[in-house]
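*Asks:* Sequence and computational prediction follow.
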Amino acid sequence: GRNDHGPTLELGGGPEVLPGTYRVKIALGEHAASADVVVLEDPRGAPSREDRLAKAALMDEISGLRESFEAAMARVARVRADLDAISTLADRAKDPEAKKDADHPHKELVDAIEAATKKLDEVAGRFEHPGDAKGIQPDNTVGSKVGTPGWHVGSSWDAPTEANRKAVAVAEQALTEALA
């Protein structure tokens, strides 16, 4: 990057770490180096170690929910791709001269694919809003319920609140119900 004072190095933020000694390793090509780094307590009176541990534990729980959500969405995408592939193969078997869908040699299969696709759309709609949705969407999907607690907990240095824990419980319940 660059600013008015010359080039700058833009690094993304990493995870918050508790004070302590850490071994840092870096590698570039065939070269590697490592060293111990000491992270000190924040002198500004940051939250206690117990509060930080509680926050880290809740963020880990939220990360697990996000991973489960992302795995479910990946499964939806794979099933959708499989249905599309089967549909394409079935369409190749159709006589181009056929005037009606009823003349399709694999009509039952095509109908089953359409029904499965409709059901898959319903399932996917519980997880996230369609990509072509316009405007601000309500927070009524599993994706919004799973994403919101991370924003709330991550926006403060304080220990997690009861409201934070409740939001995680709501997200976990929504995800569990959607996966059932």
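*Replies:* The structure has been received and is ready for your questions.

*Asks:* Surely residue 22 and residue 40 touch.
*Replies:* No. Contact criterion CB atoms under 8 Å: residue 22 and residue 40 do not qualify, at 11.9 Å. All C-beta spots, glycine's among them, are computed from the backbone N, C-alpha and C.

*Asks:* More neighbours: which of those two?
*Replies:* Each of residue 22 and residue 40 has its neighbours counted (other CB atoms under 10 Å); residue 22 has more, 12 against 7.

*Asks:* Quick one: residues contacting that one.
*Replies:* 36-39 (CB atoms under 8 Å, 6 or more residues apart in numbering).

*Asks:* What remains of these if I keep only buried residues?
*Replies:* For these, a neighbour count by 16 or more other CB atoms under 10 Å gives an empty buried set.

*Asks:* which among those gets closest to residue 164?
*Replies:* residue 39 (24.2 Å; CB to CB).

*Asks:* Skipping its backbone neighbours, what lies nearest that closest one in space?
*Replies:* Residue nearest to residue 39 in three dimensions, not counting chain neighbours: residue 19, with 5.1 Å by CB to CB, 6 or more residues apart in numbering.
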